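1. Next comes the sequence, and after it the predicted model I'd like to discuss.
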Amino acid sequence: MSASSLSVPHLATSSAGAALPIALTNVTLEYPDGGGTIKALDSVSLDVAAGRMISLVGTSGSGKSSLLAVAATLVRPTNGQVAIDGITTADLKDADLTALRREKVGIIFQQPNLLASLTAVEQLMIGHHLRGKPLRAARGRAHELLGLVGLGASADKRPHQLSGGQRQRVNIARALMGDPRVLLVDEPTAALDHERSASIVGLLRRVTDEFQVATVMVTHDTEFVPLTDAVAVMRDGGLSNPELPGGAIHPATYSKGLF
Ligand SMILES: Nc1ncnc2c1ncn2[C@@H]1O[C@H](COP(=O)(O)OP(=O)(O)OP(=O)(O)O)[C@@H](O)[C@H]1O
């Protein structure tokens with residue numbers, strides 16, 4: 001497959017000069033496979049501006065998780081460039097890459113992975129605590145974010161006292177604690193019923209707008225795609241789109257199954 005790309009630019013011209021929160025350029029990722037290699041990503045370019053949210057869809061094995069892992073700087077690409085908030089990552093040492101990730105990237109997996117013994121507010125504060133940051137400010141911020149995700153009254157509850165949707169809300173609030181520029185979200189509704197799924201995707205949309213983060217959401221739930229600004233369809237490690245050049249499909253078209 002040849003190089004493929006998707007660019008989701010700013011809506012407002014006033015912010016057009018700012019560094020892009022996330023920009024992948026000609027990213028290729030190969031995994032060793034026996035004597036040879038598997039190309040999980042094949043020269044993919046993707047950039048998403050602040051305040052924009054894209055859906056990343058595609059069949060199993062098409063490369064969605066690989067793209068998310070590379071964008072999260074958890075995996076270094078074999079070739080190509082990943083820039084977070086204008087900072088190119090290829091030459092960064094592991095420790096600097098970790099620091100950049102902590103500062104700029106919020107990661108939300110489908111399973112919230114909350115610590116059973118901690119209350120909701122402590123789940124948000126633990127990262128600050130481990131990094132030796134002052135807890136007083138963190139506590140205030142944690143309460144604020146829990147309020148924002150609709151859990152103001154549940155700050156002292158532990159995971160077993162929360163519903164699946166509420167746990168996912170804690171997960172989202174936790175990802176926002178570091179004031180990230182980028183939110184990478186992997187199947188956030190996989191474990192939820194329809195109503196809760198809708199409210200979680202709606203929350204991610206609101207958070208994208210309010211915090212002006214760039215959000216990439218892997219999803220199988222095409223129903224919620226219209227809440228996002230564009231759809232990137234992955235196929236065989238590339239962004240494929242039979243209708244438009246550049247990989248973008250208008251969300252409304254996608255949700256009607258017209259692509
Ligand atoms: N750690 C790995 N080692 C070897 N091959 C891998 C590894 N991770 C993924 N792959 C391969 O890379 C390709 C892309 O996988 P990836 O997990 O990114 O796809 P996906 O679209 O996220 O799939 P799913 O929807 O099933 O999660 C697949 O062929 C997969 O088998």
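-> Looks like it came in fine.

2. Using the three-state scheme, assign the residue of the stretch 151-259 of the chain found nearest the ligand.
-> Closest to the ligand within the stretch 151-259 of the chain is M234: 6.0 Å, counting by CB to the nearest ligand atom. To be clear about C-beta, it is placed using only N, CA and C from the backbone, and glycine gets the same treatment. Secondary structure assignment for M234 (DSSP: H, G, I helix; E, B strand; the rest coil): strand.

3. Just give the closest residue to it, not the sequence neighbours.
-> G58 (3.2 Å; CB to CB, 6 or more residues apart in numbering).

4. Show the pLDDT at the one you found.
-> Looking at G58, its pLDDT reads 92.

5. Next, give phi and psi for it.
-> With angles defined as degrees, to the nearest 10, G58 sits at phi 150, psi 160.

6. Contact partners for it?
-> Contacts for G58 were tallied using CB atoms under 8 Å, 6 or more residues apart in numbering; they are K64, V233, M234, R235.

7. Then A23?
-> Counting by CB under 8 Å, 6+ apart, A23 touches L46, D47, Q81, V82, A83.

8. Apply 6 Å and report the result again.
-> A23 makes contact with D47, A83, according to CB atoms under 6 Å, 6 or more residues apart in numbering.

9. helix/strand/coil for it?
-> Classification of A23 by three-state DSSP places it in strand.

10. so it bridges to which residues?
-> Under DSSP bridges, the beta-bridge partners of A23 are D47, A83.

11. Tell me where the model's unsure across this structure.
-> Across the chain, the ranges flagged by pLDDT under 70 are 1-2, 9-17, 241-259.

12. one more time with 90, if that's ok
-> Applying pLDDT under 90 to the chain flags residues 1-19, 34-35, 109-113, 127-137, 178, 189-197, 220-226, 230-232, 239-259.

13. what does it put close to the ligand?
-> Y31, D33, I38, A40, G58, S60, G61, S62, G63, K64, S65, S66 (CB under 6 Å from any ligand atom).

14. Just give me the neighbour total for the fourth one.
-> Read that as A40. 24 (other CB atoms under 10 Å).

15. what's the neighbour count on L118?
-> The tally of other residues near L118 (other CB under 10 Å) stands at 15.

16. likewise L68?
-> 21.

17. What strand or helix carries it?
-> In the assignment (DSSP states H and E), L68 maps to helix 64-71.

18. and the strand or helix carrying A40, what other elements does it pack with?
-> Element membership for A40 (DSSP H and E) is strand 36-48. Packing partners of strand 36-48 (3 or more CB pairs under 6 Å, 6 or more residues apart in numbering; DSSP states H and E): strand 4-8, strand 22-33.

19. Please tell me how far that strand is from the chain's geometric centre.
-> Its chain's C-alpha centre and that of strand 36-48 lie 17 Å apart, by CA atoms, centre = their mean, to the nearest Å.
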